[in-house]
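Participant: Test case, fold it:
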Amino acid sequence: MTATIVAQQIINGVVLGSLYVLVALGLTLIYGVLVQINFAHADFVTLGAFAAYFFMHLLGGSYLASIAVALLVGALLGVAINLAIFAPLRHKGSELLPLIATIGVSTMMQNAMLAVFGPVPYAFETPYSQRVFRVAGTFFTEQSVIIVLVSIATIALLYAFMKFTFLGKALRAVAQDRETAGLMGINPNYLIMLTIVLSSALAGMAGAMLAPVLVLTPFAGTSVIVKAFAIVIIGGFGNVEGTILAGLLVGLIESFTTQYLDPGLIDIVVFGLLLLMLVFRPTGLISERREENV
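Facilitator: Numbers count the residues shown, from 1 in each chain. Predicted coordinates for the structure are as follows:
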């Protein structure tokens with residue numbers, strides 16, 4: 001029985017960790033290239049979730065197609081925030097200006113969604129949530145399988161893009177030294193915009209994956225973004241591999257805390273781990289080295 005419980009919690013932890021990784025990867029990308037934080041990232045997650053919800057329930061689209069819709073909505077939000085915030089403030093002399101501006105954007109988006117969608121939670125159900133598989137005493141839904149597979153595919157595609165494509169290599173060059181990359185014929189502004197669009201697209205897609213698992217409200221993204229920030233720090237700011245490891249680790253910690261301790265202790269355990277990392281290994285699980293980021 002104990003082995004079955006452990007196996008079940010590992011499954012639950014991997015599913016939860018996969019969701020956290022999807023949210024945190026976008027934050028890692030932006031920090032790795034721009035050394036900036038987008039506080040509106042949580043609201044991009046929420047708007048992606050609503051886009052997927054209305055695509056399914058109003059337009060009759062499939063859930064898998066709604067994930068692509070949420071990704072597209074996130075990408076468009078990325079274009080908008082780059083044009084409105086990051087591009088105009090990039091050369092204003094202070095790195096705090098974009099950060100403060102994204103806090104304002106986040107507040108505006110939350111209140112706009114509250115006005116449009118209302119405070120009443122939405123029940124986002126998919127056909128896959130009710131299909132349950134049972135294997136050797138453990139169980140998981142088809143929705144969980146989709147979450148893990150989409151996460152694996154996203155990580156694999158992002159890795160292949162960053163390591164093997166010209167744009168990916170150029171983006172890594174910009175992350176290492178923006179001025180030198182510009183002298184070598186690379187357009188830093190274009191690559192920065194691409195980074196923000198990719199980050200925001202990941203946020204939108206994460207919203208579509210999170211919505212059937214969490215309660216969908218105008219503040220749904222806020223409920224996970226703090227943990228996503230913790231994951232980015234634990235993994236090593238700007239390091240994609242570290243973010244993946246930290247996301248899975250936090251998912252497993254939450255799962256086993258729920259089983260063996262108390263669900264109310266989850267945040268204490270996770271942020272206790274964050275404090276320990278800051279004290280004993282402030283560089284994170286994988287030490288930050290600019291040439292290896294993103």
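Participant: What are the contacting residues of the helix or strand I155 falls within?
Facilitator: I155 is part of helix 142-164 when elements are defined by DSSP states H and E. By CB atoms under 8 Å, 6 or more residues apart in numbering, the surrounding residues in contact with helix 142-164 are 11, 14-15, 18-19, 21-22, 25, 64, 67, 126, 128-129, 131-133, 167-169, 171-172, 198, 202, 205, 209, 212-213, 240, 244, 294. (Glycine included, C-beta is placed from N, CA and C.)
Participant: Same question for stretch 255-269.
Facilitator: 5, 9-10, 12-13, 16, 253-254.
Participant: what pLDDT does the closest residue in space to Y122 that isn't next to it in sequence get?
Facilitator: Leaving aside its sequence neighbours, Y122 sits nearest to L216 (CB to CB, 6 or more residues apart in numbering; 4.1 Å). Reported pLDDT at L216 in the predicted model: 89.
Participant: Would you check how far apart N82 and V73 are?
Facilitator: 15 Å (CB to CB, to the nearest Å).
Participant: out of these two, which sits in the busier spot?
Facilitator: A direct count of neighbours by other CB atoms under 10 Å for N82 and V73 places V73 higher, at 25 against 20.
Participant: Name the residues of the helix or strand encompassing that one that come out as buried.
Facilitator: In this structure, V73 is located in helix 63-81 according to DSSP H and E. Buried residues in helix 63-81, counting neighbours by 16 or more other CB atoms under 10 Å, are found at 63, 66-71, 73-78, 81.
Participant: One more: stretch 30-43?
Facilitator: Across stretch 30-43, burial judged by 16+ other CB under 10 Å covers 30-34, 36-43.
Participant: what element comes up after the helix holding I155 heading to the C-terminus?
Facilitator: Immediately after helix 142-164, counting by DSSP H and E, sits helix 166-176.
Participant: Packing partners of the helix or strand following that following helix?
Facilitator: Where DSSP H and E defines the elements, the next helix or strand beyond helix 166-176 is helix 178-183. For helix 178-183, the packing partners by 3 or more CB pairs under 8 Å, 6 or more residues apart in numbering; DSSP states H and E come out as helix 166-176, helix 188-210.
Participant: Mean neighbour count, these: which tops it?
Facilitator: helix 188-210 (a mean of 25; mean count of other CB atoms under 10 Å).
Participant: Give me the number of neighbouring residues for Q8.
Facilitator: Other residues near Q8 number 17, with proximity taken as other CB under 10 Å.
Participant: One more: the one 3 residues further on?
Facilitator: Applying other CB under 10 Å, we find 17 other residues in the vicinity of I11.
Participant: What strand or helix carries it?
Facilitator: With DSSP H and E as the test, I11 turns up in helix 2-34.
Participant: Work out the gap between that helix and the centre of the chain.
Facilitator: The chain centre lies 10 Å from the centre of helix 2-34; the measure is CA atoms, centre = their mean, to the nearest Å.
Participant: And the contacts of the helix or strand of the chain with the lowest mean pLDDT?
Facilitator: None of the helices or strands of the chain scores lower by mean pLDDT, DSSP states H and E than helix 178-183, at a mean of 75. Helix 178-183 is touched from outside by 170, 173-174, 188, 191, with contacts defined as CB under 8 Å, 6+ apart.
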